[in-house]
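Visitor: Sharing a sequence plus its predicted fold:
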Amino acid sequence: MAWSVFIGTINPGTSQGVAYSWDGYHGVQVARARPLNPGSQLRVSNQGQRLDEDGSYTYFVTVRNVGSLPVSYELTGDRV
């Protein structure tokens, strides 16, 4: 199941933790941060998943702006 969601803007040199979830288990998800500004660069790390008490899974990832300007971005992903 490929997916995409607009997250917002991240300032240079900062990181944002992003969490997302669906009902039930949707397999191992790999997220990518897609910059929406030309010449910008983002780095994704710390991807993981957690089983919640209600049986759903929460996936999480850290996005870091390694460029010199603020960057608007969306998180995209798919099941491995």
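Guide: Thanks, I have it. Numbers count the residues shown, from 1 in each chain.

Visitor: Could you pull up the contacting residues of Leu69?
Guide: 12, 37, 39-40 (C-beta atoms under 8 Å, 6 or more residues apart in numbering). To be clear about C-beta, it is placed using only N, CA and C from the backbone, and glycine gets the same treatment.

Visitor: tell me the secondary structure for it?
Guide: Assigned by DSSP: H, G, I helix; E, B strand; the rest coil, the conformation of Leu69 is coil.

Visitor: got it, and the one 5 residues further on?
Guide: When the structure is split into helix, strand and coil by three-state DSSP, Glu74 lands in strand.

Visitor: now the strands: where do they sit in the protein?
Guide: 3-10, 15-22, 29-35, 42-51, 57-65, 71-79 (DSSP state E).

Visitor: Centre of the chain to the first one, how far?
Guide: In other words, strand 3-10. Distance of strand 3-10 from its chain centroid, counting by C-alpha atoms, centre = their mean, to the nearest Å, is 8 Å.

Visitor: and if you look at stretch 40-48?
Guide: 7 Å.

Visitor: Extract the C-alpha trace of it and format it as PDB.
Guide: Extracted C-alpha coordinates of stretch 40-48, given in PDB (Å, rounded to 0.1, in the frame of the first residue of the first chain):
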ATOM      1  CA  SER A  40      17.100  20.900  -0.600                       C
ATOM      2  CA  GLN A  41      18.200  17.700   1.200                       C
ATOM      3  CA  LEU A  42      16.500  15.700   3.900                       C
ATOM      4  CA  ARG A  43      17.800  12.600   5.700                       C
ATOM      5  CA  VAL A  44      15.600   9.900   7.300                       C
ATOM      6  CA  SER A  45      16.600   7.800  10.300                       C
ATOM      7  CA  ASN A  46      15.300   5.800  13.300                       C
ATOM      8  CA  GLN A  47      12.500   4.000  11.500                       C
ATOM      9  CA  GLY A  48      10.500   1.600  13.600                       C
END
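
Visitor: Name the residues of that stretch that are buried.
Guide: 40, 42, 44 (16 or more other C-beta atoms under 10 Å).
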